[in-house]
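In: Sequence and predicted model, in that order:
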Amino acid sequence: MKLAALLEGTAILGDIPAEFLAIEVSGLASDSRYAAPGDLFFARQGEASHGLDYLASLEEIGVSAILYEDPQGVIAHPTTIPVLKVESIDSLMRLLTFRYYEELQSRIALIGVTGTEGKTSVTQFIVKAFEALNIDCGLIGTNGIGFLHNLKENTHTTPDLLALYQSLAEIDNHDNVRVLINGELPIALEVTSHALDQKRIEGLSFETTVFTNLNRDHLDYHGTLEAYGEAKARLFLEYPQKNSVINLDDPFGAKIYQRLKQERPDVRTFPFGRAPSDEANYLQIEDLELHAEGLRFNLHFEGKSYPIESPLYGAFNAYNLVAAIAVLLSFRLRIEWIVEIIPHITHVKGRMEMLHLKNGAVAVVDYAHKPNALKQALLSLRDHLEEGSLSVVFGCGGNRDKGKRPLMAAIAEAHADKIIITSDNPRFEEPMAIIEDIQAGLSDPTSENVLIEADRAAAIAIAIERSAPGDIILIAGKGHEDYQILGDREIYFSDFAEVEKNNEELSYEAI
């Protein structure tokens, strides 16, 4: 795209030489580390530096032009490339992002998934289901960007606006995309409340949106549960979409559903839950059973019942599976095809990820780091338990919502037989101070079934060493994460790797 076409009608301060307008722009960038030859670069004020501080390296890279504003008096030095002053760099970056990627949305079918819990599982179940039906599907979320077999690391669950559009375009242009649906490439996107509040998904249109649930989280950012919920609701009430999948068993989901019906009757809805309902396109989960090998239930849809078998643990995964099924139905795929591939959808990394130990116990690594997520994980594992005891290893993050710390302890005490309280990304707080906050939620902190071990590796080792055949150990909080945050440092740490290491060191095997 020519620079002239990209900048047409925008407020550039000063005259632009004619030879600059003919420059070809081959991309957009706002971070000098990722700038490429031909990019139009947005030089913005960062926390520690201004984009113009990297003028020499940008010139060496060969960017096509640089846009900047200088509220702090930053001077743009002469270069061999255009350096153009603008009034509002952030507003212009949004506008030019929409303009540059204008044709992108005609080639993709976006699936936006939001909710406190389940975003990562639902998006990956959607991708796995499409792939099982030999349809390519991209992914942007907590576990990475791209395709499941080739994910690259993601710094935010939902990237900032320019990075998000770049990621969507990169997935769309991937060499290995083979099979589309209705001529479009489906891409499943996790949409966080922060992203909605900060308008990181501005300008996007969705084929289908999904609401999983709403529970206490991010109150350090949103202030109240009501404000947090309203941020989530924006996905359904403010963005263009053809279909919406809503969990009616969640009270806030039921409110969103009613508002959708009243305010946006053009949106086709796929509500789901366990209670019977006469709503159109309703998917009902019936006769849910949890057992040692996974779960089973009957899915009732449009007057017919379909038996579902899955190797997944957790009643909430029945909800996650049905949300994914509803998404595929919204693409007008036949339900008979969909239910046939459900048994082949396996766990998501760090989400109820199981390892059968040599001694006959089972260790489960899960990302549950919020009160309700921990409760649901423990309740589900209790239902899967056929003999033995249920243990939990957990902690709470430092410099985050302190109010949830005693709540997590009370939930662990109510639903687990044995508790080990440990560290989980203490950041700049003292680990033992966090643990003391957690202990405040215990009715009996001196119980022999409660152990304090600030060293997370040691806590996991103790839980496995003390396990017996038939036991289930939930290691909660970090899931897919492979780091521990101490102060301003990240050190390598993986719950699953620790489980594997300690399993190898077990001194006996179950007979």
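Out: Happy to help now that I have it. The structure presented is a predicted model; accordingly, all values stated were derived computationally and were not measured.
In: Check which element follows the longest helix along the chain along the chain.
Out: Ordering each helix of the chain by length in residues (DSSP state H) puts helix 315-330 first. Using DSSP states H and E, the helix or strand that follows helix 315-330 in sequence is helix 335-341.
In: Return the list of strands paired to the helix or strand that that next one is followed by, each annotated with direction.
Out: Per DSSP H and E, the first helix or strand lying C-terminal to helix 335-341 is strand 353-356. Applying DSSP bridges, strand 353-356 is found paired with strand 362-366 (antiparallel).
In: Distance from the very next helix or strand once past the strand it pairs with to the middle of the chain?
Out: The helix or strand immediately downstream of strand 362-366 is helix 371-384, counting by DSSP H and E. For helix 371-384, the distance from its own C-alpha centre to the chain's C-alpha centre is 20 Å (Cα atoms, centre = their mean, to the nearest Å).
In: do the same with stretch 307-326
Out: That offset, for stretch 307-326, works out to 18 Å (Cα atoms, centre = their mean).
In: likewise stretch 447-463?
Out: Using Cα atoms, centre = their mean, the offset of stretch 447-463 from its chain centre is 29 Å.
In: got it, and stretch 423-433?
Out: On Cα atoms, centre = their mean, the centre of stretch 423-433 falls 24 Å from that of its chain.
In: CA atoms of stretch 171-187 as CSV?
Out: What follows is stretch 171-187, C-alpha atoms only, in CSV (Å, rounded to 0.1, in the frame of the first residue of the first chain):
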residue,chain,number,x,y,z
ILE,A,171,-2.3,-16.7,10.7
ASP,A,172,-4.3,-15.9,7.6
ASN,A,173,-1.1,-15.8,5.5
HIS,A,174,0.3,-19.1,6.9
ASP,A,175,1.7,-21.3,4.2
ASN,A,176,0.1,-24.5,5.6
VAL,A,177,-3.6,-23.3,5.6
ARG,A,178,-5.4,-25.9,3.4
VAL,A,179,-9.1,-26.3,4.2
LEU,A,180,-11.4,-23.4,4.9
ILE,A,181,-15.1,-23.3,5.9
ASN,A,182,-17.5,-21.2,3.8
GLY,A,183,-14.3,-19.7,2.1
GLU,A,184,-13.0,-18.3,5.4
LEU,A,185,-10.4,-19.3,7.9
PRO,A,186,-11.8,-19.7,11.5
ILE,A,187,-9.7,-18.2,14.2
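In: what sits up against it?
Out: 104, 107-111, 126, 130, 134-140, 145-147, 168, 207, 331-333 (Cβ atoms under 8 Å, 6 or more residues apart in numbering). Where you see a C-beta, it was placed from the backbone N, CA and C, and this is true even at glycine.
In: Quick one: buried ones out of those residues?
Out: 108-111, 126, 130, 135-140, 145-147, 168, 207, 331, 333 (16 or more other Cβ atoms under 10 Å).
In: What residues of stretch 422-439 count as buried?
Out: 422-427, 429, 431, 434-435, 437-439.
In: what's near enough to touch residue 150?
Out: Taking Cβ under 8 Å, 6+ apart as the definition, residue 150 has no contacts.
In: Do you know the pLDDT at it?
Out: pLDDT for residue 150: 87.
In: Tell me the spacing between it and residue 136.
Out: Shown here: residue 150 relative to residue 136, a distance of 12 Å by Cβ to Cβ, to the nearest Å.
In: before we move on, back to that, what about the buried residues of stretch 422-439, which are in helices?
Out: Using DSSP H, these in helices are 431, 434, 435, 437, 438, 439.
In: Which one of those is nearest to residue 410?
Out: residue 438 (9.7 Å; Cβ to Cβ).
In: and the closest one, how far is that from residue 134?
Out: Relative to residue 134, residue 438 is positioned 47 Å away (Cβ to Cβ).
In: what about residue 85, is that helix, strand or coil?
Out: Three-state call for residue 85 (DSSP: H, G, I helix; E, B strand; the rest coil): strand.
In: what's around it, how many residues?
Out: 15 (other Cβ atoms under 10 Å).
In: Looks like it contacts residue 69 (just checking).
Out: Yes: the pair residue 85 / residue 69 is scored as a contact, 6.6 Å apart, by Cβ atoms under 8 Å.
In: between the longest helix of the chain and helix 371-384, how big is the angle?
Out: Interaxial angle of helix 315-330 relative to helix 371-384 (axes from the mean of the first three to the mean of the last three Cα atoms, to 10 degrees): 100 degrees.
In: centre of the chain versus helix 315-330, how much separation?
Out: 16 Å.
In: just stretch 358-369 next, same as before
Out: 21 Å.
In: Cool, thanks, signing off.
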